[in-house]
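Q: no FASTA, just this:
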């Protein structure tokens, strides 16, 4: 997958976000972008070089075909920055449940952009009847309780 094509697609999504929701576009303005296979999808990371947006080119160009869904993914990552999820990482916590809890929070705010198929939402766990507008820590505790019961 062409790095140039991926970079162009990311740029289009950031511009679309900047035009429609300037706050999120500006938030991403100081974040270095990396096209990489270090993530299966997209992620924000803190490295020695600062905060970075990592985007897997196969995911961004092949899995996500619609531009609006790509913009949703970019906003999703911006929301992780806004909520400071990167800086709240706790190695004592179950990393998968931590990521799911963080996604449950941010995906409530991605609209009006359509989330790609398979995105983690409150509807992913219908039996848990998770209410909206809770914190990442609250969702994490609910998920951990269920995990411990299994």
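A: Ah, there it is. In this text the structure is predicted, and so the values were computed from the model without any measurement. Numbering: from 1, shown residues only.
Q: neighbouring contacts of the worst-scoring helix or strand of the chain on mean pLDDT?
A: In the chain, no helix or strand scores lower on mean pLDDT, DSSP states H and E than helix 22-29, which sits at a mean of 90. The contact list for helix 22-29, computed with C-beta atoms under 8 Å, 6 or more residues apart in numbering, reads 14-15, 17-19, 53, 74-75, 77-79, 81-82. Backbone N, C-alpha and C define where each C-beta goes, glycine included.
Q: how about 10 Å then?
A: Identification of contacts with helix 22-29 by C-beta atoms under 10 Å, 6 or more residues apart in numbering yields 10, 13-19, 21, 44, 51, 53, 71, 74-79, 81-82, 109-110.
Q: among those, which ones are in helices?
A: Cross-referencing those against helices under DSSP state H gives 10, 13-19, 71, 74-79, 81-82.
Q: just the buried members of those residues?
A: 10, 13-14, 16-18, 71, 74-79, 81 (16 or more other C-beta atoms under 10 Å).
Q: determine which two of those are furthest apart.
A: Distance extremes for those: the farthest pair is 16 and 81 at 17.8 Å, using C-beta to C-beta.
Q: if we can go back for a sec, and of the buried ones among the ones in helices among the contacts of helix 22-29, the nearest to residue 118?
A: For these, the nearest to residue 118 is residue 76 (12.6 Å; C-beta to C-beta).
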